[in-house]
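Student: Compute the structure for the input listed below.
(one chain, ligands or ions: 2)
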Amino acid sequence: MGSGNWHVEKRLSIRNDSFTGADDLVPETGCLSIVVLGASGDLAKKKTFPALFNLYRQGFLHPDEVHIFGYARTKISDEELRNRIRGYLANDKSSPQQLEDLTKFLQLIKYISGSYDSEEGFKSLDKEIATHEISKNSAEGSSRRLFYLALPPSVYPSVCRMIKKCCMNKSDLGGWTRIVVEKPFGKDLESAEKLSTEIGKLFEEPEIYRIDHYLGKELVQNLLVLRFANRLFLPLWNRDNIDNVQIVFREDFGTEGRGGYFDEYGIIRDIIQNHLLQVFCLVAMEKPVSLKPEHIRDEKVKVLQSVMPIKDEEVVLGQYEGYRDDPTVPDHSNTPTFATVILHIHNERWEGVPFILKAGKALNSRKAEIRVQFKDVPGDIFKCKKQGRNEFVIRLQPSEAMYMKLTVKQPGLEMSTVQSELDLSYRQRYQGVTIPEAYERLILDTIRGDQQHFVRRDELKAAWEIFTPLLHRIDDGEFKPISYQPGSRGPMEADELLERAGYVQTHGYIWIPPTL
Ligand SMILES: NC(=O)C1=CN([C@@H]2O[C@H](COP(=O)(O)OP(=O)(O)OC[C@H]3O[C@@H](n4cnc5c(N)ncnc54)[C@H](OP(=O)(O)O)[C@@H]3O)[C@@H](O)[C@H]2O)C=CC1
Ligand SMILES: O=C1O[C@H](COP(=O)(O)O)[C@@H](O)[C@H](O)[C@H]1O
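Tutor: Residues are numbered from 1 along each chain as shown. Ligands and ions are numbered 1, 2, ... in the order given. Alright, predicted model coming up:
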């Protein structure tokens, strides 16, 4: 936000012109109503409205087509909602153009107050939407209604019932009603299936968009391109060449202000079962038949179903010291704030290759990356084993980059080797290019009707099947987290597990950042 580095690309329509594989999309012309349910909440102001504003600024949401409705229980006026979100859309450093855009954008927002389980509020919401559709001369049957549930999952079923009962539009002329749901989508296999069944009775799968914002990150979206559009990787991406894969998430802050929520879920449900597992799927899945969303999701499900049961000795849990000082966290909480979990895939490509999923809060750094470590060179005549293995690192954040660690000849007269890198740092290579926020792309996908980057019901089920037995044991207090210092690397047992899994850390590798 507010980078001042905008690429404002005005589009005539929001028809999809990229290579998503969703080429059977219907041209969409009807008026578009975006309803943010839970508009007074944190997610709405920090992510949803800023993403909508960015889409508006880039010409993807046309003022002559679009209207935005905020809905929540809090009784506030349109103007009060606008004032609440204003600070998240612009700041002192915003350009005059941005401020002018902001004023126009805020005028598109209307607020309706109502409860999440009574028809009254949803009927007035429907009335407001209909008034807007009529004012835009939208042909009945062509208007589009997007309901974004920025709400706790406990109210999803009642909200979906209310939408179904009070707010559906006709869709015979290309119109639609879609709902976007956020994680946490259940707490284990049983609760997730129950939720899916409840929502599934009301909406068809193509109408449900289960969002995982990691799927909207630039380098996550690049994974299929990298893997399947580069001849270089095709023959290497398997158990014959790859020794181990790490998918890592680190945050250098704790659960500040979210202790109550976090304690109910823990790091596995908060990060690993969804975000890291989605990345895992894209790294490990087979090539899809095409880029059609269903083909991609079929492959994701297959690889999830090939994951073997997690072994106790391949799990390390941690909890940072001071976590329980949060008044919203119970004194004897057993909730992990750190976890390393090793997954094994039982298939021809990956048998024997550990996939190490690691996530932690209150650690010494903030990053999310994929680290693919290759096997040692057989018959190594240079004795470069000591210097380190080839590694291909895809850094999702911060500062998107991918680099390949290689052994090369040390420049000079002597014949000696050194570790170096082939480096693609995005900031350096794509200067002046603004990388969109994950939510921005994903909301655009929901409008375009492209489900490629959303989680399908069977995918969600397979994801919960992997982690539910372990989660139940943690919930029952059978598996205890090890205490670690905030600002550290987490429990040292996690690094020991990494070593046992075969990861060889490179020592003495020094990276010299290129200068512009
Ligand atoms: N384009 C760019 O921006 C590039 C940047 N670099 C930078 O160069 C530096 C070195 O790169 P690289 O070697 O890939 O990355 P790191 O030094 O960050 O990490 C290498 C590996 O060692 C692990 N590790 C780190 N400390 C320990 C420890 N004490 N015990 C056990 N394992 C440990 C890391 O695990 P864990 O993930 O858990 O920390 C990671 O798997 C990094 O800062 C990197 O960002 C390098 C090349 C290109
Ligand atoms: O979903 C979540 O993600 C954030 C981290 O997101 P990022 O895009 O900043 O990597 C995490 O802080 C939060 O606990 C979790 O619920």
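Student: Buried residues of stretch 328-336, list them for me.
Tutor: By neighbour count with 16 or more other Cβ atoms under 10 Å, stretch 328-336 contains the buried residues V329, S333, N334, T335, P336. Every C-beta, even on glycine, is put in place using the N, C-alpha and C of the backbone.
Student: Over to stretch 134-146?
Tutor: K136, S138, S142, S143, R144, R145, L146.
Student: Now tell me what touches that stretch from outside.
Tutor: 28-35, 64-65, 67, 129, 133, 167-180, 446-447 (Cβ atoms under 8 Å, 6 or more residues apart in numbering).
Student: Filter the residues you listed down to the ones in strands?
Tutor: Mapping the contacts of stretch 134-146 onto strands (DSSP state E) picks out L32, S33, I34, V35, H67, W176, T177, R178, I179, V180.
Student: Redo those residues as TSV? Include neighbour count.
Tutor: Formatted as TSV, those follow (neighbours: other Cβ atoms under 10 Å):
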residue	neighbour count
L32	24
S33	27
I34	25
V35	27
H67	22
W176	20
T177	20
R178	18
I179	24
V180	23
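Student: which sections of the stretch 301-450 of the chain are below the confidence cut-off?
Tutor: Confidence mapping of the stretch 301-450 of the chain against pLDDT under 70 gives the ranges 385.
Student: quick one: the strands in it?
Tutor: Taking DSSP state E, counting those that start in this stretch as the criterion, the stretch 301-450 of the chain carries its strands at 315-320, 338-343, 355-360, 367-374, 391-397, 401-409, 417-425.
Student: L317 versus the residue positioned nearest the centre of the chain, what's the distance?
Tutor: Centroid-nearest residue in the chain: Y214, 1.9 Å away (criterion: Cα atoms, centre = their mean). The gap separating Y214 from L317 is 22 Å, by Cβ to Cβ, to the nearest Å.
Student: and what of L396?
Tutor: Distance of L396 to L317, given as Cβ to Cβ: 23 Å.
Student: Next: A150.
Tutor: From A150 to L317 the distance is 30 Å (Cβ to Cβ).
Student: Leaving aside the residues adjacent along the chain, what's closest to the residue nearest to the centre of the chain?
Tutor: Nearest non-adjacent residue to Y214, counting by Cβ to Cβ, 6 or more residues apart in numbering: H275, 4.0 Å away.
Student: can you confirm the one you found is in a strand?
Tutor: No: counting by DSSP: H, G, I helix; E, B strand; the rest coil, H275 is located in no strand; its state is helix.
Student: Wait, P330 touches F262, no?
Tutor: No: P330 is not in contact with F262 according to Cβ atoms under 8 Å; the separation is 11.8 Å.
Student: Show me which residues of the chain are close to ligand 2?
Tutor: Within reach of ligand 2 by Cβ under 6 Å from any ligand atom, the chain has these residues: H213, E251, D270, A368.
Student: Not counting sequence-adjacent ones, nearest residue to the second one?
Tutor: What sits nearest to E251 in space, not counting adjacent residues and going by Cβ to Cβ, 6+ apart, is K361, at 5.0 Å.
Student: can you check I271 too?
Tutor: Nearest one to I271, counting by Cβ to Cβ, 6+ apart, is A359 at 4.1 Å.
Student: Contacts only, for the one you found.
Tutor: A359 makes contact with V248, F249, R250, I267, I268, D270, I271, I272, L276, F338, A339 under the criterion Cβ under 8 Å, 6+ apart.
Student: and which of those residues is nearest ligand 2?
Tutor: Nearest to ligand 2, judged by Cβ to the nearest ligand atom, of the contacts of A359 is D270 at 4.7 Å.
Student: count of neighbours near that closest one?
Tutor: By other Cβ atoms under 10 Å, 24 other residues sit near D270.
Student: K405 is in contact with N390, correct?
Tutor: Yes: judged on Cβ under 8 Å, N390 makes contact with K405 at a distance of 6.1 Å.
Student: Is there proximity between stretch 497-513 and ligand 1?
Tutor: Yes: using Cβ under 6 Å from any ligand atom, we find that stretch 497-513 touches ligand 1 at Q505, T506, Y509, W511.
Student: Among the residues you listed, find me the one that's closest to ligand 2.
Tutor: Of the residues of stretch 497-513 next to ligand 1, the one sitting nearest to ligand 2 (Cβ to the nearest ligand atom) turns out to be W511, at 22.4 Å.
Student: so what's the closest residue to ligand 1 within the chain closest to, chain neighbours aside?
Tutor: Residue of the chain nearest ligand 1, by Cβ to the nearest ligand atom: W511 (3.2 Å). Using Cβ to Cβ, 6+ apart and skipping the chain neighbours, the partner closest in space to W511 is E421 (6.8 Å).
Student: ditto for Y439
Tutor: Closest residue to Y439 apart from its sequence neighbours, by Cβ to Cβ, 6+ apart: A51 at 3.8 Å.
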